[in-house]
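The following comprises the amino acid sequence and a computationally predicted model.
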Amino acid sequence: MHELSLMGGVFEVIEQTLSLHKVKRVLQVKLKVGALTNAEPEALDMAFEAYSKDTLCEGAELIVERVPVRGRCRNCQYVFTVETMFFLCPNCQNTGIEVIQGEELLLESLEVE
């Protein structure tokens, strides 16, 4: 379950951010998770619950926004959503595709008290 290690990185960022502010508790954590991370929302929820125990995040709501894979053809520069794991430009059929979205794991926001 690699979601635990992913959430460990998220909590490093949360802790750094919270150390800069006087916060009573965290109410909501919003993440953007790219489809290529292969992170399952349910497993992220379990990892979040484990990491948040006895912290300012305990009891906070976790919101996970899934981000689809988008690619740009290196041949014709066409930008498109990748529907399958076979990266093929729908415009020119080239296989030289640059991933421009879908690999991210971002802490988008924290709602705090």
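That came in fine, so what should we check first?

what's the residue sitting nearest the centre point of the chain in contact with, if anything?
Nearest to the mean C-alpha position of the chain, counting by C-alpha atoms, centre = their mean, stands Val33 at 2.2 Å. Val33 is in contact with 39, 41, 44, 64-67, 104-106, counting by C-beta atoms under 8 Å, 6 or more residues apart in numbering. All C-beta atoms are positioned from the backbone trio N, CA, C, and that covers glycine.

which secondary structure elements does the strand or helix carrying Val10 contact?
Mapping Val10 onto the secondary structure by DSSP states H and E places it in helix 3-18. Packing partners of helix 3-18 (3 or more C-beta pairs under 8 Å, 6 or more residues apart in numbering; DSSP states H and E): strand 26-34, helix 41-52, strand 105-112.

Other residues contacting that helix?
Residues contacting helix 3-18 (C-beta under 8 Å, 6+ apart): 26, 29, 31, 37, 39-40, 43-44, 46-48, 50-52, 55-57, 105, 107, 110, 112.

about what we covered before: against Glu104, how distant is the residue nearest to the centre of the chain?
7 Å (C-beta to C-beta, to the nearest Å).

okay, and for this protein, where does confidence drop off?
1 (pLDDT under 70).

ok, the residue nearest to the centre of the chain to Leu105 distance?
In terms of C-beta to C-beta, Val33 sits 6 Å off from Leu105.

Spit out the residues that contact the two alike.
Joint contacts of Val33 and Leu105 (C-beta under 8 Å, 6+ apart) are Ala39.

related to what we said a few turns ago, beta partners for the residue nearest to the centre of the chain?
Arg66, Leu105 (DSSP bridges).

Now restrict the contacts of helix 3-18 to buried residues only.
26, 29, 31, 37, 39, 43-44, 47-48, 51-52, 56-57, 105, 107, 110, 112 (16 or more other C-beta atoms under 10 Å).
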